[in-house]
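**Q** What follows is a predicted structure for the sequence shown.
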Amino acid sequence: MGCESCAGAVRGKSDASNYRKSSAETITVALVGNPNVGKSVIFNQLTGAHQIIGNWPGKTVGLLSGKLIFEGHDLDIIDLPGTYSISSDIGEEREVREFLLGRKPDLIINVVDSTFLERNLALTIELLMLGIPIVVCLNQIDRAEKQGLVIDSDNLEEELGVPVVPSSGLRGIGITDLLKIGLTSLGSDEEKIERRYHTPRIASQLDSVKDMLPRNAGYPSYWLAERLLVGDTEIEDKIYSTTPAIRNQISEIRTALEREMEDGISSILLSDRFAVAATIASRASQYSGKQEVTREEKLHNLLTHRVFGLLILIGLSISVFYALFTFGDFFATMMIDASESFRPDFIGRFGDPDFGEFIWSGLIGGTVSVLSIALPYLIPFFILLAVLEDTGYIARVAFIMDSILHRIGLHGKAFIPMILGYSCNVPACMGCRIMETDRERLLSIFAVTLVPCAATSIVILGLVGTYVGFVWVVALYAFNLVLIALLTRLAYSVLPGDPAGLIMEMPPLRRPSLEVVLKQSWHRVKDFIYIAIPLLIIVGLFLASLQYLDLLDYISDGMSPVTVTWLGLPAVTGIVLIFGILRKELTLLLLGTVALTSDLGEFMTDVQMIVFSLVVMLYIPCIATVGALVKEIGVKRATAITLFEIGFAVLVGGVAFRVLSGVM
Ligand SMILES: Nc1nc2c(ncn2[C@@H]2O[C@H](COP(=O)(O)OP(=O)(O)OP(=O)(O)O)[C@@H](O)[C@H]2O)c(=O)[nH]1
Ligand SMILES: [Mg+2]
C-alpha cells in the first residue's frame, strides 16, 4: 500500500495530542489549500456566511470563522488564506502554519483543485506531516470532468492514507460527505498511521534525524525532523536550547545531502515533495479523450492579446458605464418624478409647511433618495462586477495592464484591488495584501484610495450623469485615471525601495455561476441598504433640524471661504461634504435635503456639479476606508494619505472651477 517511491508506512502514535472530543465540545475544522481552489465557497456553504469569492488567487485575507451544528456536534469552521506551502516564514505561509501549529485544529479539510492535482498535493504532503487528522476534498470535480480528467479517488485515498472526498463546492455536491467522513477520522487518532511522504533517499535521512529528537518536543516528529534538516531558525532555537548536542549531527546530514545532490537543502526537499506529489497525481488521474480546454485557451489568448485585449478592455469598460448610466438614469428619473409629484400633497397635509418640509426632507426624502438614486445604479453595477470577478476576466485584465502599470510603478496584480475599489475601497485596501512587498502594497493601497467607489459613482452618475451629460461622466473617470497614474508614479519615485518582480497565477476562465453572482451582489447591496438608509435618515433629520432652526447658515458661512470663494459651490455644500466623510453617497443624497428640491438642476450649475463631484471623488477615502487604512498601513501613513487627499481634492476642485468656468 501507499506510494511505492515513499518509504514504508510506520505505525505510531501521533505527536499532536488527543483529538477525541465529547459531543459537547466544539470541534475546530480548518479549511486549508492552495489559492483559488474553492475554500471560501465551501466555507460559505457550510456556515451560510458571505466570505468573498472570486476567480483569482488571494482573496481571503486573515482568518474567518463560522459556526455550524452538524450531527449534534458544534463545529467551528475556519476559512484560511490560500497558500502553496507552509514552510517559509512569510505572509500567508506563516499565517497558516502558525494557526495549524498553534491552534491545533481538530480536523483539516484540505481543499484541492482537481484540475491541478500535482501542485495541490505538494501542499497536502506538507499538511500530512503535521499529524492532524485530514480529509482531502477533491474540489472542482465538475471542471475536471469537463476537461476529460478522471480521478480515481479510491486510489488517491490509498496513496495518501487519508480519506478523499470528491466535491463540487459551487453546487454543494459532496459537502455533507466531507464533514461526515471528516468527523469519523477524528476518533482514529490512536491508531493513526504516521507516514513519510518522501523518496527513499530523503526518507532515510529524515529517519536518522527523527531518531535523534527528544521525546515530547511538542511538534509532530517528521515535520520537526524536516524543519531541523532545513535549518528553520525559529524551530532550531527551541529544540537546540534543550538538546544542543544534536545540532552538529543534523548539520552533518544536511551538508552530506547537499553535497550529494548538488543543491541547497530547501530546494532538495521542495523537489522531493513535488516528485512524490507528481507520482501520486499521475497514478490517480487519467485523461479520457474528451477535452473542452481549447475554447477556453482561444478565449484566453484573445483576452490577453496585447492589442485586442486592451481594445476589449476599453470597449467593455465604456459599455459597462454606458449601460449603468442609461439604466440608472431611466429608473432614477422615473422615481424622482414620482416622488416629486407626491411632495406638495404630503407637505400640504401638515398645517405648518416648514414642518412638513422638515419631515419630508428628514424622513421621507432620504429613503426615496436611496431607492431612487442609489439603487438603480448600484444593483446593476454590483451584478456586472460579480460577473467579471467570477469569470476570471479580472485576472486577465491584470495581465494586460501589467506593462502599463509598470510605468507608474505598480505591478499588474495591483489592478485587481483597483477594480474592486470601484465597488468599495475597504475590501480593496485589504485585497492589496496580494502584493508581495510592503512597498508594492503601500503604493497599491494609495492608488486604490483614489479609485471612485460605488458610492462615489452614485454621485458622479446621479449628478453629472443626470444633469450634465454622459460625456462628462466619461471625462471625470478618465481624468481620475490620469490622476491615479500621475500620483502613484510620484509616490513611486518618492518611496524608498526597489521595484519587485511578481508572478501571478492565471485562474481558469469560466461561465459565471448565477448563484455566486446573485449572492455576491445581494451581499453588497444589502450592506448598502442596511447601513445607508438608517444613517441617511439620522443625518437627514439632523440637517433638516439645523435648517428648521436656522442654524445651517452658521456652519455654511464658516466654510464658505473654501466652498464658495475657492470652489465656487453653493455655501450649503460645505456641511454636505462634511457628512460625506461617513459615506460618500450621502453627499448627493443630502444635497436634496439642503437644496430643498429633488431637482438639483435648479440648485447648481453644470460647472458646480462637475466641481462638486470631482471634490467628492478625491477628497477623502470615507471613514470606513480610513479605518481600513489604519489597520493595513498604520496610523501615520493613513493620516498622511487622508490629509494629502483632502488638500489635493480642494486644490484640483478650485483649479477645475476656474478652468471650466472659462470654457463652459
Ligand atoms: N466549477 C467550479 N468552480 C468552483 C468550485 N468551487 C469553487 N469554484 C470557483 O472557484 C473560484 C475560487 O473560489 P474561492 O472559494 O473564492 O477560492 P478560495 O480557495 O477561497 O480562494 P482564496 O481565498 O483566494 O485562496 C470561484 O470563482 C468559485 O466560483 C467548484 O466546485 N466548481
Ligand atoms: Mg477564500
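**A** Arrived safely, thanks for sending. Numbering: from 1, shown residues only. Ligands and ions are numbered 1, 2, ... in the order given.
**Q** contacts, neighbours, all on C-alpha from now
**A** Fine.
**Q** right, and Glu296 touches Leu509 too?
**A** Yes. Between Glu296 and Leu509 there is a contact at 6.4 Å, judged by C-alpha atoms under 8 Å.
**Q** Please say which of these two ends up with more neighbours.
**A** Set Glu296 next to Leu509 and count neighbours by other C-alpha atoms under 10 Å: Leu509 wins out with 20 against 13.
**Q** is it true that the more buried one lies in a strand?
**A** No. Using DSSP: H, G, I helix; E, B strand; the rest coil, the assignment for Leu509 is coil, not a strand.
**Q** Neighbours of the closest residue to Pro166 other than its chain neighbours, how many?
**A** Using C-alpha to C-alpha, 6 or more residues apart in numbering and skipping the chain neighbours, the partner closest in space to Pro166 is Leu138 (4.4 Å). The tally of other residues near Leu138 (other C-alpha under 10 Å) stands at 27.
**Q** Figure out the helix or strand that Leu138 lives in.
**A** In the assignment (DSSP states H and E), Leu138 maps to strand 134-139.
**Q** So for whichever helix or strand comes after that strand, what gets flagged as buried?
**A** Following strand 134-139 in sequence order, the next helix or strand is helix 141-146 (DSSP H and E). Burial within helix 141-146, assessed by neighbour count using 16 or more other C-alpha atoms under 10 Å, is assigned to Ile141, Asp142, Arg143, Ala144, Glu145.
**Q** just how off-centre is helix 141-146 within its chain?
**A** 25 Å (C-alpha atoms, centre = their mean, to the nearest Å).
**Q** is it up against ligand 1 anywhere?
**A** Yes. Counting by C-alpha under 6 Å from any ligand atom, ligand 1 is contacted by helix 141-146 at Asp142, Arg143.
**Q** Just list what the strand holding Leu138 packs against, helices and strands only.
**A** When contacts are defined as 3 or more C-alpha pairs under 8 Å, 6 or more residues apart in numbering; DSSP states H and E, strand 134-139 sits against strand 107-113, strand 164-166, helix 175-186.
**Q** can you map out the strands along the protein?
**A** 10-11, 26-33, 64-70, 73-79, 107-113, 134-139, 149-151, 164-166, 193-194, 285-287 (DSSP state E).
**Q** For Val468, which of these is the nearest?
**A** Across these, Val468 has its closest neighbour in strand 64-70 (44.5 Å, C-alpha to C-alpha).
**Q** helices or strands next to that closest one in the packing?
**A** helix 39-47, strand 73-79.
**Q** Figure out which of these is closest to ligand 1.
**A** helix 39-47 (3.5 Å; C-alpha to the nearest ligand atom).
**Q** by contact count, what packs against the closest one?
**A** Secondary-structure packing of helix 39-47 (3+ C-alpha pairs under 8 Å, 6+ apart): strand 26-33, strand 64-70, strand 73-79, helix 175-186.
**Q** any idea of the mean pLDDT in that helix?
**A** For helix 39-47, the mean pLDDT works out to 90.
**Q** Using CSV, write down the CA coordinates of that helix.
**A** Taking Å, rounded to 0.1, in the frame of the first residue of the first chain, the C-alpha atoms of helix 39-47 are listed here in CSV:
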residue,chain,number,x,y,z
LYS,A,39,-12.2,27.1,0.2
SER,A,40,-14.4,30.1,0.7
VAL,A,41,-17.1,28.6,-1.5
ILE,A,42,-17.1,25.6,0.8
PHE,A,43,-16.9,27.8,3.9
ASN,A,44,-20.0,29.7,2.7
GLN,A,45,-21.8,26.5,2.0
LEU,A,46,-21.0,25.2,5.5
THR,A,47,-21.6,28.3,7.5
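**Q** do that helix and ligand 1 meet?
**A** Yes. Judged by C-alpha under 6 Å from any ligand atom, helix 39-47 comes into contact with ligand 1 through Lys39, Ser40, Val41.
**Q** ok, back up a step: compute the distance between the residue nearest to Pro166 and Ser513, please.
**A** 19 Å (C-alpha to C-alpha, to the nearest Å).
**Q** so where's the stretch 501-650 of the chain shaky on pLDDT?
**A** Residue ranges of the stretch 501-650 of the chain with pLDDT under 70: 501-504, 532, 598.
**Q** All the helices of it, in order from the start?
**A** Using DSSP state H, counting those that start in this stretch, the helices of the stretch 501-650 of the chain run over residues 514-548, 552-560, 573-579, 585-595, 606-618, 623-633, 635-663.
**Q** Domains of the protein: list them as residue ranges, please.
**A** As assigned by automatic domain parsing, the chain contains the domains 10-194, 308-663.
**Q** got those domains as a markdown table, with distance to Gly218 columns?
**A** Shown next, in a markdown table, are the domains of the chain (distance: least, C-alpha to C-alpha, whole Å):
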| stretch | distance to Gly218 |
| --- | --- |
| domain 10-194 | 7 |
| domain 308-663 | 32 |
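**Q** Glu252 is nearest to which of these?
**A** domain 10-194 (21.4 Å).
**Q** Check the offset of that closest one from the chain's centre.
**A** Taking mean C-alpha positions (C-alpha atoms, centre = their mean), domain 10-194 and its chain are 20 Å apart.
**Q** Does ligand 2 have contacts with it?
**A** Yes. Domain 10-194 is in contact with ligand 2 by C-alpha under 5 Å from the ion, via Ser40, Thr60.
**Q** Next, the contact list for Leu117, please.
**A** Listed by C-alpha atoms under 8 Å, 6 or more residues apart in numbering, the contact set of Leu117 reads Ala281.
**Q** Sorry, wrong one. I was asking about Cys622.
**A** Taking C-alpha under 8 Å, 6+ apart, we find Cys622 in contact with Gly580, Ile581, Leu582, Arg583, Lys584.
**Q** Apply 10 Å and report the result again.
**A** The contact partners of Cys622, by C-alpha atoms under 10 Å, 6 or more residues apart in numbering, come to 424-426, 449, 453, 455-456, 579-585, 616, 628, 642.
**Q** Please apply the same query to Leu156.
**A** Per C-alpha under 10 Å, 6+ apart, neighbours of Leu156: 2-3, 136, 138, 162-165, 280-285.
**Q** can you rerun that using 8 Å?
**A** For Leu156, the contact set (C-alpha under 8 Å, 6+ apart) comprises Val164, Ile280, Ala281, Arg283, Ala284.
**Q** Just read off the phi/psi values of the residue of the stretch 51-200 of the chain found nearest ligand 2.
**A** Residue nearest to ligand 2 within the stretch 51-200 of the chain: Thr60 (4.0 Å; C-alpha to the ion). Torsion angles at Thr60 (phi, psi; degrees, to the nearest 10) stand at phi -80, psi 120.
**Q** any idea what sits nearest it, other than its immediate chain neighbours?
**A** Pro81 (4.9 Å).
**Q** what does the model give that neighbour for pLDDT?
**A** At Pro81, pLDDT is 91.
**Q** Please report the distance of it from Trp472.
**A** 41 Å.
**Q** And for Glu118?
**A** Taking C-alpha to C-alpha, one finds Glu118 at 51 Å from Trp472.
**Q** Ser204 too?
**A** Ser204 is 71 Å from Trp472, by C-alpha to C-alpha.
**Q** likewise Val562?
**A** 24 Å.
**Q** can you tell me which residues contact the closest residue to Lys636 other than its chain neighbours?
**A** Closest residue to Lys636 apart from its sequence neighbours, by C-alpha to C-alpha, 6+ apart: Val630 at 7.9 Å. Counting by C-alpha under 8 Å, 6+ apart, Val630 touches Lys636, Arg637, Ala638.
**Q** One more: Val32?
**A** Here Val32 is in contact with Lys39, Asp79, Leu80, Pro81, Gly82, Thr83, Val96, Ile108, Ile109, Asn110, Val111 (C-alpha under 8 Å, 6+ apart).
**Q** what would those look like in CSV with neighbour count and distance to Ala544?
**A** Output for the contacts of Val32, formatted as CSV (neighbours: other C-alpha atoms under 10 Å; distance: C-alpha to C-alpha, whole Å):
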residue, neighbour count, distance to Ala544
Lys39, 31, 48
Asp79, 26, 45
Leu80, 24, 47
Pro81, 26, 46
Gly82, 25, 49
Thr83, 22, 52
Val96, 23, 51
Ile108, 25, 55
Ile109, 24, 55
Asn110, 25, 56
Val111, 32, 54
